[in-house]
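1. Okay, predicted coordinates and the sequence, questions at the end:
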Amino acid sequence: MDKEKVEELKIQLQQLLKETQEFVRKIPPPQLYAAIGVVVFTVLFFLVIRLFKRRSSNTILLTGLSGSGKTVLFYQLRDGSSHQGTVTSMEPNEGTSVLHSETSKGNALYFLEKGKIKPVHIVDVPGHSRLRPKLDEFLSQAAGIVFVVDAVEFLPNVRAASEYLYDILTKARVVKKKIPLLILCNKVDKVTAHTKDFIRRQLEKEIDKLRASRTALSSADITNEFSLGVPGEAFAFSQCQNKVTVAEASGLRSDISQLEQFIREYVKA
Ligand SMILES: Nc1nc2c(ncn2[C@@H]2O[C@H](COP(=O)(O)OP(=O)(O)OP(=O)(O)O)[C@@H](O)[C@H]2O)c(=O)[nH]1
Ligand SMILES: [Mg+2]
């Protein structure tokens, strides 16, 4: 009884195989080759994309006006020590390492995954206007951008900060690649520091004004490659193509958990 069933199944399978062979034979060779070509090409295409994505995803850029505290944050992230800062940076600081807090003794993740945590490539781009073009060199590899704002000396610098932020948010690479941006309100250890909501609202207002004046200036503006926001509506960061979030930190007091959270959201450990 069982043997019969097996035989039957065999015959059915052989028939199916024959039919498939017939079918394939009927397809004209050029079409068959084209189909195989498409499959091979698609597989290769996705493999290449994955390869590139992996390679380019561990760079975080620290940007912002001079004196906002980028260099202090850079050293906090890297080795937990507060560097004096104060001196205006003349060169970008660069380093690739696991975040300092992830190497500290109490960190369970470090003990569990010792040696397996993905290092982060952090670049601190000086805020001096002459050195800002350096940012473009690193943008192609950026997994995320941190725009550091001095929350204490915020109002006197709101215009300059907005201009710099506007330039970053309209860069073709940032818009097309939807590079996430974190506005980091630094120096919140000081009682005179403004809140992050206040800072966000002021930046939005200022960018709204800039947007009006810059579009009126000329349509052939080469520095700003994309326009911001929705025409006819007041500007808000939520209108950006890329994700823009706001957080607080104090580099001096090593209160950088929100910054680390942002980094690890886009550079997975
Ligand atoms: N109170 C307070 N002061 C800070 C904090 N972070 C940085 N500072 C001070 O701000 C000043 C500038 O810090 P830097 O880190 O050198 O600033 P920067 O953004 O690297 O500046 P550039 O290199 O010129 O672009 C220094 O005097 C720091 O001590 C902070 O969290 N709280
Ligand atoms: Mg610096």
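-> Thanks, I have it. Ligands and ions are numbered 1, 2, ... in the order given.
2. Check the average confidence over the lengthiest helix in the chain, would you?
-> In the chain, with assignment by DSSP state H, the single longest helix is helix 29-55. With pLDDT averaged residue by residue, helix 29-55 scores 85.
3. Give the pairing partners of the following helix or strand past it; include direction for each.
-> From helix 29-55 onward toward the C-terminus, using DSSP states H and E, the following helix or strand is strand 59-64. The strands that strand 59-64 pairs with in its sheet are strand 120-124 (parallel), strand 142-150 (parallel) (by DSSP bridges).
4. if you compare those, which one is most tucked away?
-> strand 142-150 (a mean of 25; mean count of other C-beta atoms under 10 Å). Glycine gets a C-beta too; all of them are placed from N, C-alpha and C.
5. What are the contacting residues of it?
-> 56-65, 67-70, 73, 157, 161, 164-165, 168, 174, 177, 179-187, 199, 203, 259, 262-263, 265-267 (C-beta atoms under 8 Å, 6 or more residues apart in numbering).
6. Repeat that for stretch 247-257.
-> With C-beta under 8 Å, 6+ apart as the contact definition, stretch 247-257 has outside contacts at 69, 72-73, 76-77, 80, 82, 85, 101, 151, 182-189, 196, 258-259, 261-262.
7. Now with 7 Å, please.
-> 69, 72-73, 76-77, 80, 82, 182, 184-189, 196, 258-259, 262 (C-beta atoms under 7 Å, 6 or more residues apart in numbering).
8. Give me the subset of the residues you listed lying in helices.
-> Here DSSP H is the test, and the contacts of stretch 247-257 give 72-73, 76-77, 196, 258-259, 262 as lying in helices.
9. any idea which residue sits dead centre in this structure?
-> Taking C-alpha atoms, centre = their mean, the centroid of the chain lies closest to Gly144, which sits 2.4 Å from it.
10. Just the local confidence number for that one, please.
-> The pLDDT attached to Gly144 in the predicted structure is 96.
11. Pull up the gap between it and Val267, please.
-> Taking C-beta to C-beta, to the nearest Å as the measure, Gly144 and Val267 are separated by 7 Å.
12. now swap in Gln15 and tell me
-> Gln15 sits 55 Å away from Val267, taking C-beta to C-beta as the criterion.
13. For those two, indicate the residue with more neighbours.
-> Set side by side, Gln15 and Val267 give different neighbour counts by other C-beta atoms under 10 Å, the larger being at Val267 (19 against 10).
14. coming back round to it: reformat the strands paired with strand 59-64 as CSV; add distance to Cys240.
-> As requested, the strands paired with strand 59-64 are arranged in CSV below (distance: least, C-beta to C-beta, whole Å):
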stretch, distance to Cys240
strand 120-124, 22
strand 142-150, 12
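15. Please name whichever of those is nearest to Gly232.
-> Between Gly232 and the strands paired with strand 59-64, the shortest gap by C-beta to C-beta is with strand 142-150, which sits at 26.1 Å.
16. Just checking, which helix or strand succeeds that closest one along the chain?
-> Stepping forward along the backbone from strand 142-150, the first helix or strand reached (DSSP H and E) is helix 158-169.
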